[in-house]
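**Student:** Give me a model of this one.
(chains A and B, ligands or ions: 2)
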Amino acid sequence: MKLMVTFDREGVQDANIANAILKSGVPVNVERAQIDGDDGWTLLDVADDKAEMFIAALRHPGVEVRIQKDAVSHNITECVDCGLCISICQKQVFSFDDSWQLQVNSERCVLCGRCATYCPQRALSLQK
Amino acid sequence: MYKSIDDINERIRDGSVRVVTAEEMPDIVDELGVSGALREVDVVTTGTFGAMCSSGAFLNFGHSEIPIRMEKMWLNGVEAYAGIAAVDCYIGATQESITKGIEYGGAHVIEDLIAGKAVELRARGKGTDCYPRQSITNEFTLADLNQAIMLNPRNSYQCYNAATNMTNRPIKTYMGYLLPGHRNITYSGAGALSPLPNDPTFSVIGSGTPIFLGGANGTVVGEGTQHSPGAGFGTLMTTGDIKEMSLEYIRAATMTGYGVTMYVGVGVPIPLLNEDIVKHTAVRDEDLVTSIVDYGTQFRDRPVVKKVTYQELKSGSVEIDGEEIKTSPLSSYKKAREVANELKARIENGSFLMASATRPINAVKKNRPMSEHGVVRRVSEMMVATFVTITGEKSVKEAATLLLKANTNHLPVIDAENRLTGIVTTFDISKAFARDEEDRSVSNIMTRNVITAVPDEPVDLAARRLLQHNIGALVVVDPAKKVLGMLNSQDLGDLVGERWHQ
Ligand code: SF4
Ligand code: SF4
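**Tutor:** Ligands and ions are numbered 1, 2, ... in the order given. Reported below is the predicted structural model:
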């Protein structure tokens, strides 16, 4: 599952993610990160059954964790089911069902923003 | 066995007509045979819903008190062509707003009209004895217009190329966003459900053919612009009343980095008059071949990467060089089906009749490229062939001396075999001096990824590359990467300026 970790000024000072990995022994995949001196966020991917353990290890002042679920929101009134977003996203978030209607599997999204930028109907947006 | 249009209309009127969509037809022909299918089925409906840039509308506003001849006109800030008569205009779908750019264009004006929203009209004229007024600002809705006639010069391509990008940078095209290194493929059209593949010989589709256009019962005007059925690229010019259209079947769209376009739903009924027509409507996706072309090439004739069928494209991936590459349509198959089914329903309930074409459409014609008489200037004519180079092991100081002596800003770096390995600019050198690094070697401070040009490419392409990368010069190289010359933005600037001032 995807975890959105945000750091405030305090949280950004320590090697919180590295510490949490060492402490819990849970491997994580850093999918995206944007961190500078003052604050930042990073999107992590961790195995579903290990997530709880990892979140516990990450608990630290200035660090906030939440499970990232509906990363992309899909406006079905605007969408025309063209499917252009399918091959733009390299994370397999989009697909067609049997009736050629667009399906969105938000769980895999790494918030790169490409689909939202290039959807011709502006039917996609990101929730960070 | 033959059927006439009258026979079929008779059956539409008495409610006994049998209509199927082009998707259902191949199986019916397999089961009943061609003559059996002709006996059983009267009309096949087709449908497509895709981005059709070449679309637009004629609008008539009626005369204002104190009449004006509108010569320049903007609708919600989008310029419409007003060089027609006093109070008419043609608004093109791809025309962009002067304030909102590609987020709002002609297609959006049409969409807003169909949605019933008010649109602002601004116009000016020079003022004449019969049309004294010089400017007008007004608000109107679709209901206020005398006519709102969609007239699309080029719709419903018979077949369209699929697109990929072989270069190493992403490109933004009317075929959508194409990732570098052919990591995705986009295609358009509904394949065997599309209108023209079901009548490739134009035996029933011609001027006057009744069609479904954007929700309205419309008409084929005749061949579309760039009609090229001889190459598999026939097109239709279509028309219909916007007052009867619906947003289910007309949608404004923006291809980011390219511009505005309009999604248009077109459905053409194919009356089954004889066995030949039946055979054509039995077409399947696997019978329709198109080319995947490299949109990374900025020349007219783009190289074909691979030939594929619509079945392969629709499967979701195509193999290129042993790799499975994901495909995306940019037209909506779901909507195409809705078009074909809606048309079918209208024929079945008697609100849509067949008609013979009044004038046939040429079925073998081929499109010609522009016949250009101006000379295309090549890089080789514009480049400076007297240039200095340096090797990587020389020091920054030596590079500085060389730049000064040659009075230039760019110094290509070459290896022992005279091949280009990098470039240093006056900016790189100043930076090195500012950081007290003047004793380092050129190869330490040079840019390795040099933007180059080749001698026989048109200067316009090279000029665009300069702009895109925001740099002052391109190194002109041969295929072995040997430096042949330099192309400076200044020289190009003079050329472009000169052209516009003529
Ligand atoms: S690109 Fe946009 S309009 Fe097309 S299917 Fe995806 S979300 Fe829908
Ligand atoms: S934001 Fe990026 S990863 Fe997420 S769905 Fe869109 S394209 Fe895919």
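**Student:** Which positions in the stretch 301-450 of chain B make contact with chain A?
**Tutor:** Counting by Cβ under 8 Å from any Cβ of the partner chain, the stretch 301-450 of chain B comes close to chain A at B:316, B:325-335, B:337. (C-beta placed from N, C-alpha, C; glycine too.)
**Student:** redo that, cut-off 10 Å
**Tutor:** Residues of the stretch 301-450 of chain B lying near chain A by Cβ under 10 Å from any Cβ of the partner chain: B:314, B:316-317, B:325-338.
**Student:** Whichever of these end up buried, select them in ChimeraX.
**Tutor:** Selection command for ChimeraX covering only the buried members of these, criterion 16 or more other Cβ atoms under 10 Å in any protein chain shown:
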select /B:314,316,325,326,327,328,329,330,331,332,333,334,335,336,337,338
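**Student:** Just the ones of the residues of the stretch 301-450 of chain B next to chain A in strands?
**Tutor:** With DSSP state E as the criterion, strands contain B:317, B:325-329 from among those.
**Student:** Please report the distance of the closest residue to B:G206 other than its chain neighbours from B:I292.
**Tutor:** Distance criterion Cβ to Cβ, 6 or more residues apart in numbering or on different chains; nearest residue to B:G206, sequence neighbours excluded, is B:A357 at 2.6 Å. Between B:A357 and B:I292 the distance is 34 Å, computed by Cβ to Cβ, to the nearest Å.
**Student:** The two: which is more packed in?
**Tutor:** Taking neighbours as other Cβ atoms under 10 Å in any protein chain shown, B:A357 and B:I292 compare with B:I292 leading, 24 against 18.
**Student:** B:D321 is in contact with the more buried one, correct?
**Tutor:** No. Applying Cβ atoms under 10 Å, one finds B:I292 not in contact with B:D321, separated by 11.9 Å.
**Student:** what residues do the two have in common as contacts?
**Tutor:** Counting by Cβ atoms under 10 Å, 6 or more residues apart in numbering or on different chains, the contacts common to B:I292 and B:D321 are B:182, B:305-306.
**Student:** Can I get those in a markdown table including neighbour count and secondary structure?
**Tutor:** Formatted as a markdown table, the shared contacts of B:I292 and B:D321 follow (neighbours: other Cβ atoms under 10 Å in any protein chain shown; DSSP: H, G, I helix; E, B strand; the rest coil):
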| residue | neighbour count | secondary structure |
| --- | --- | --- |
| B:H182 | 22 | coil |
| B:V305 | 23 | strand |
| B:K306 | 17 | strand |
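**Student:** which stretches of chain B have low pLDDT?
**Tutor:** B:494-502 (pLDDT under 70).
**Student:** give me that answer again for 50
**Tutor:** Counting by pLDDT under 50, chain B has low-confidence residues at B:502.
**Student:** and B:L145, what does it touch?
**Tutor:** Per Cβ under 10 Å, 6+ apart, neighbours of B:L145: B:57-62, B:113, B:119, B:242-243.
**Student:** so of those residues, which ones are in helices?
**Tutor:** Per DSSP state H, helices hold the following members of these: B:L113.
**Student:** Closest one of the contacts of B:L145 to B:N168?
**Tutor:** Top of the list for closeness to B:N168, among these and by Cβ to Cβ, is B:A57 at 40.9 Å.
**Student:** Now A:A56: which helix or strand?
**Tutor:** In the assignment (DSSP states H and E), A:A56 maps to helix A:51-58.
**Student:** oh, I was asking about B:A399
**Tutor:** Going by DSSP H and E, B:A399 is in helix B:396-406.
**Student:** what comes up buried for that helix?
**Tutor:** Residues of helix B:396-406 classed as buried by neighbour count (16+ other Cβ under 10 Å): B:396, B:399-400, B:402-403.
**Student:** Once you drop chain neighbours, what's closest to the spatially most central residue of chain A?
**Tutor:** For chain A, A:V110 is the residue whose C-alpha lies nearest the centre (Cα atoms, centre = their mean; 4.4 Å). Nearest non-adjacent residue to A:V110, counting by Cβ to Cβ, 6+ apart: A:E31, 4.2 Å away.
**Student:** Counting neighbours, what do you get for that neighbour?
**Tutor:** The number of residues packed near A:E31 is 18, by other Cβ under 10 Å.
**Student:** Let me see the contact set for it.
**Tutor:** A:E31 touches A:2-3, A:42-45, A:68, A:91, A:108-112, counting by Cβ under 10 Å, 6+ apart.
**Student:** These also near ligand 2: which ones?
**Tutor:** A:91, A:109-112 (Cβ under 6 Å from any ligand atom).
**Student:** Could you check which helix or strand contains the residue of chain B most remote from its centre?
**Tutor:** Distance to the chain centre peaks in chain B at B:D439, reaching 53.3 Å (criterion: Cα atoms, centre = their mean). Under the criterion DSSP H and E, no helix or strand holds B:D439.
**Student:** That one: what's its closest spatial neighbour, skipping adjacent residues?
**Tutor:** Nearest non-adjacent residue to B:D439 (Cβ to Cβ, 6+ apart): B:S395, at 6.0 Å.
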